[in-house]
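Undergrad: Predicted model follows, preceded by the sequence.
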Amino acid sequence: MSEAAGATIRPADVAIGAGLLAGTANVIMQLARPGVGYGVVESRVDSGNLFKHPVKRTRTTLSYLAVTLLGTDEERRRYARAVTRSHARVRSTETSPVSYNAFDPELQLWVAACLYRGFQDTFSLFGSPVEAADWERLYRELAVFGETLQVPAHRWPADTEAFERYWKESLDQVEIDDTVRAYLTDLILLKPFAPPVQLLFRDLNRFVTTGFLTARFREEMRLSWDEARQRRFDRLMRLVRLLVRAAPPRLRAFPFNLVMVDLRWRIRTGRALV
């Protein structure tokens, strides 16, 4: 973000670390577009397969978010080039149920829009109150979500009102079939990770993930929800908000500040970024 933006809304004020609670929900939103869902499920980029390389895949995802929110323009350009190389092999085959290409601007825009929506949702829960004019300026700066994914600047909705129109219209293209749903259910249950991690956190992850999803995405995932669960979720989020606001800025920005240290080291030493 620019220095001017930082004078009003700093990345740490957004509590981006707390935003990780919504991480699985955001992945579900992204993969709810069939082209994105099958692009991930069928991907031939083995090094980016979450179920085969969970630590590496998690690091690269966090690196993308970190460089987008905390990086310089040059660091974003470097990461965008690395993403482009990785995406070159992500395209449908003759046997794919749907046609997709990682360079499809519509699919790229959808992924970027999901990331912005996730940012917006977690900011509303954990961030400080923001004037409408400041939020409009922040929204325009968050076009970097798309730029890092090769989305041309002119395709990013011009303002928050235009974004809401785009979002509402795009929901008509949301559809999760059995194949993608099975993949995402395994993700909710933390299947890519070691059994102790699954045992300790899968119930919490399922609950929090379902809470962050809107009704449309819950229905597509066949996840049950009711008023009692919503009250529990709201109480948990109020507790997290209190903890976030009491934490020092460096802790609020964790682990993304740490990921940026690793990313900058990789750039200096010429190592792979994704």
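TA: Happy to help now that I have it. Bear in mind that the values here come from a model prediction, so they are computed numbers and not experimental data.

Undergrad: Give me the below-cutoff pLDDT ranges for the stretch 51-200 of the chain.
TA: Low-confidence segments of the stretch 51-200 of the chain (pLDDT under 70): 51-53.

Undergrad: Which parts of it are strands?
TA: Counting by DSSP state E, counting those that start in this stretch, the stretch 51-200 of the chain forms no strands at all.

Undergrad: Please name the residues that touch Thr58.
TA: Leu50 (C-beta atoms under 8 Å, 6 or more residues apart in numbering). C-beta here means a position set from N, CA and C on the backbone, and glycine is covered the same way.

Undergrad: 10 Å instead?
TA: If a contact means C-beta atoms under 10 Å, 6 or more residues apart in numbering, then Thr58 has Gly23, Leu50, Pro192, Phe193, Pro255, Val259 as its contacts.

Undergrad: correct me, but the last one touches Thr68?
TA: No - using C-beta atoms under 10 Å, Val259 and Thr68 do not qualify as a contacting pair, with a distance of 11.3 Å.

Undergrad: Where is the longest helix in this structure?
TA: helix 105-126 (DSSP state H).

Undergrad: Kindly provide the distance from the residue lying closest to Leu20 once chain neighbours are set aside to Thr61.
TA: Spatial nearest neighbour of Leu20, excluding adjacent residues (C-beta to C-beta, 6 or more residues apart in numbering): Pro255 at 7.8 Å. Applying C-beta to C-beta, to the nearest Å, the value for Pro255 to Thr61 is 12 Å.

Undergrad: same deal with Ala80?
TA: In terms of C-beta to C-beta, Ala80 sits 15 Å off from Thr61.

Undergrad: the residue most distant from the middle of the protein, which is it?
TA: Distance from the centre of the chain peaks at Glu94, with 29.3 Å (C-alpha atoms, centre = their mean).

Undergrad: what sits against that residue?
TA: Taking C-beta under 10 Å, 6+ apart as the definition, Glu94 has no contacts.

Undergrad: Going by distance to Leu171, which of the contacts of Thr58 wins?
TA: Gly23 (20.7 Å; C-beta to C-beta).

Undergrad: you'd agree the closest one is in a strand?
TA: No - counting by DSSP: H, G, I helix; E, B strand; the rest coil, Gly23 falls outside a strand, being helix.

Undergrad: Number of residues surrounding Val144?
TA: 22 (other C-beta atoms under 10 Å).

Undergrad: Quick check, it in contact with Arg76.
TA: Yes - look at Val144 against Arg76 with C-beta under 10 Å: they come within range, at 6.3 Å.

Undergrad: residues bridging contact with these two, i.e. touching both?
TA: What both Val144 and Arg76 touch, as defined by C-beta under 10 Å, 6+ apart, is the set Val67, Thr68.

Undergrad: Isn't Asn101 up against Thr93?
TA: No - using C-beta under 10 Å, Asn101 and Thr93 do not qualify as a contacting pair, with a distance of 11.3 Å.

Undergrad: quick one: which of these two has more around it?
TA: Asn101 (14 against 8).

Undergrad: Run through the bridge partners of that one.
TA: Arg91 (DSSP bridges).

Undergrad: ok, it - contacts?
TA: Gly35, Gly39, His87, Val90, Arg91, Ser92, Leu107, Gln108.

Undergrad: any idea which of those is closest to Pro129?
TA: Nearest member of the contacts of Asn101 to Pro129, counting by C-beta to C-beta, is Gln108, at 31.8 Å.

Undergrad: do you know how far the closest one is from Pro196?
TA: Applying C-beta to C-beta, the value for Gln108 to Pro196 is 36 Å.

Undergrad: which one of these two has more residues nearby?
TA: Legend: neighbour count by other C-beta under 10 Å for Gln108 and Pro196, higher for Gln108 (22 against 8).

Undergrad: mind listing what that one touches?
TA: Val36, Val83, His87, Asn101, Ala102, Gly146, Thr148, Leu149, Gln150, Val151, Pro152, Arg155.

Undergrad: How many residues are close by the third one?
TA: By the criterion of other C-beta under 10 Å, His87 has 20 neighbours.

Undergrad: if you skip the residues just before and after it, what's nearest to it?
TA: Closest to His87 by C-beta to C-beta, 6+ apart is Ala102, at 3.6 Å.

Undergrad: and that neighbour, how many neighbours does it have?
TA: 23.
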